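1. Model the following, please.
(one chain, ligands or ions: 1)
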Amino acid sequence: MSTVRGRKIVVGVTGGVAAYKAAELVRLLGKAGAEVHVVLSEGGARFVTAVTFQALSGNPVWTDLWDARMPNNMAHINLGRDADAILVAPATADFIARLAHGMADDLLSTLCLARDVPLIVAPAMNRQMWEAPPTRRNVEAIRADGVTVFGPAAGEQACGEVGMGRMLEAEELLEQLEGFFVPKRLAGRKVVMTAGPTFEAIDPVRGITNISSGKMGYALARACAQAGAEVVLVSGAVALPVPAGVQRVLATSALQMRTAVLEALPGADVFIGVAAVADYRPLETAEHKLKKSGDTLTLTLTPNPDILAEVAARPDAPFCVGFAAESRDLDAYAEGKRRNKRLPMLVGNLVSDGMGGDDNTVIVYDDAGRHPLPRAAKAEVAQGIVEHLAGLLAAAGR
Ligand code: CTP
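-> Below you'll find the predicted structure:
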């Protein structure tokens, strides 16, 4: 379940071309279960009309400080009163400047000044405006005032230039807002994890791999980052976007994955092995493409290092979490793996319940026994795993 469900979010829209993305953001917020109220600045209304936002939010849109629709004529107070957050997207350079100086000359700026709820801005502007010293000073000033800043991102801009200042996409803003409301139970922790499949080369174009989609690992990386952890995600080849706030390191083979993990490990409080690491690799990788012949082909495989077991056996081992995807006898195999690798926690699932899909049913195993989590979307399962992990870390005094 999205953390924005049931929350009242005021979306402020100021005058930038990225206002078109705000329309999609409002739609996504509504779909995720938030109650959305849009406040449109005069400039914002030049890009997207109030009618669009009213249709998408299902609520009246507010633009005018002197709007007589509020019984007490105090839209600037009432709108923010029981809101969970105000998110200004796009926030122009001018709006940020006015925010930094406490100006209150229209409904949105007055609402922001009169609020006692969290304020988040998603800047959108040309790269030179973003880099200009006054903007730098103003962004620092609003941060110091406790305003949260989402983005901006680098990329192609409406003006044709390429650089920093592009507003985050609507999906990214929703993801960051969802993260904003997650309790920061892993704050100050560094988590290193693996995810996805490995690929063990036979020749330059062929290899041995598996059907791991990486979805569970990526969902868990996102959940850890949303819970406030610094996350390094060592990932096999998957076609998934990097979750916000996660540092991803790509690794193809088990040996590359091991090297990347060992490099990322210093300072880690937690290591989570979600990757489906190939247990074996071809003893030799052919330099050139193998040519077919009528004969049978025999490949000699050699064992790969067990990354998780190696990390868990270190004298300075972080808190280690394993995963086990089994096709039968889940309890016996999962608990066996946990004990063999000396893991305080392991997450098990039946492949029939999770592999490749968007939902998963998992059981968490620890020293206290087995703890089934309800079947849910992988994002939600990941939150449950993080909750359990945070509880064990706290109980272990780590
Ligand atoms: N793992 C690892 N390095 C490996 C193999 C597995 O880090 N070379 C990690 C996985 O990321 C996962 C756990 O170990 O967290 C899985 O344990 P394992 O017993 O290796 O699972 P399988 O490879 O599925 O074992 P088996 O094939 O024997 O069922």
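2. From here on, just use CA atoms for contacts and neighbour counts.
-> Fine.
3. ok, the helix or strand hosting residue 9: who's next to it in the sheet?
-> Assigned by DSSP states H and E, residue 9 belongs to strand 8-13. Here strand 8-13 is paired, per DSSP bridges, with strand 35-40 (parallel), strand 85-91 (parallel).
4. Next to the ligand, which bits of the stretch 251-398 of the chain? Give me the list.
-> Contact residues, the stretch 251-398 of the chain versus the ligand (CA under 6 Å from any ligand atom): 273-279, 304-308, 322-324, 337.
5. Which ones among those map onto strands?
-> Among these, the members found in strands (DSSP state E) are 273, 322, 323, 324.
6. how close does the second one get to residue 372?
-> When you say that, I think you mean residue 322. 16 Å (CA to CA, to the nearest Å).
7. The two: which is more packed in?
-> Using other CA atoms under 10 Å, the more surrounded residue of residue 322 and residue 372 is residue 322, with 26 against 13.
8. Surely the more buried one is in contact with residue 338?
-> Yes: counting by CA atoms under 8 Å, residue 338 is a contact partner of residue 322 at 7.2 Å.
9. Overlap of the contact sets of those two?
-> Common contacts of residue 322 and residue 338 (CA atoms under 8 Å, 6 or more residues apart in numbering): 345, 346.
10. Skipping its backbone neighbours, what lies nearest residue 83 in space?
-> Among residues not flanking residue 83 along the chain, residue 8 sits closest, at 4.8 Å (CA to CA, 6 or more residues apart in numbering).
11. Let me see the ranges of the helices in the stretch 51-200 of the chain.
-> Using DSSP state H, counting those that start in this stretch, the helices of the stretch 51-200 of the chain run over residues 75-81, 93-100, 107-113, 127-131, 133-144, 170-180.
12. who touches the shortest one?
-> Contacts of helix 127-131 from elsewhere in the structure, counted by CA under 8 Å, 6+ apart, are 93, 135, 136, 161, 162, 163, 164, 165, 166.
13. picking up where we left off before, got the CA coordinates for the strand holding residue 9 in CSV?
-> C-alpha atoms of strand 8-13 as CSV (Å, rounded to 0.1, in the frame of the first residue of the first chain):
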residue,chain,number,x,y,z
LYS,A,8,-4.0,15.1,2.0
ILE,A,9,-1.4,16.6,-0.3
VAL,A,10,-1.5,20.1,-1.5
VAL,A,11,0.2,20.4,-4.9
GLY,A,12,1.4,23.8,-5.8
VAL,A,13,2.0,24.5,-9.5
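14. quick one: it to chain centroid distance?
-> Its chain's C-alpha centre and that of strand 8-13 lie 21 Å apart, by CA atoms, centre = their mean, to the nearest Å.
15. pLDDT at the residue nearest to residue 83, what is it?
-> With respect to pLDDT, residue 8 scores 97.
16. List the beta-bridge partners for it.
-> residue 35.
17. And for residue 302?
-> Counting by DSSP bridges, residue 302 is bridged to residue 281.
18. Count the neighbours of it for me.
-> Using other CA under 10 Å, residue 302 has 12 neighbouring residues.
19. For it, list the residues it contacts.
-> Counted by CA under 8 Å, 6+ apart, residue 302 has contacts 280, 281, 282, 283.
20. Pull out the buried members of those.
-> Buried members of these, scored by 16 or more other CA atoms under 10 Å, are 281, 282.
21. Tell me the residue of the stretch 101-250 of the chain that sits nearest the ligand?
-> Closest approach between the stretch 101-250 of the chain and the ligand, counting by CA to the nearest ligand atom: residue 194, at 6.6 Å.
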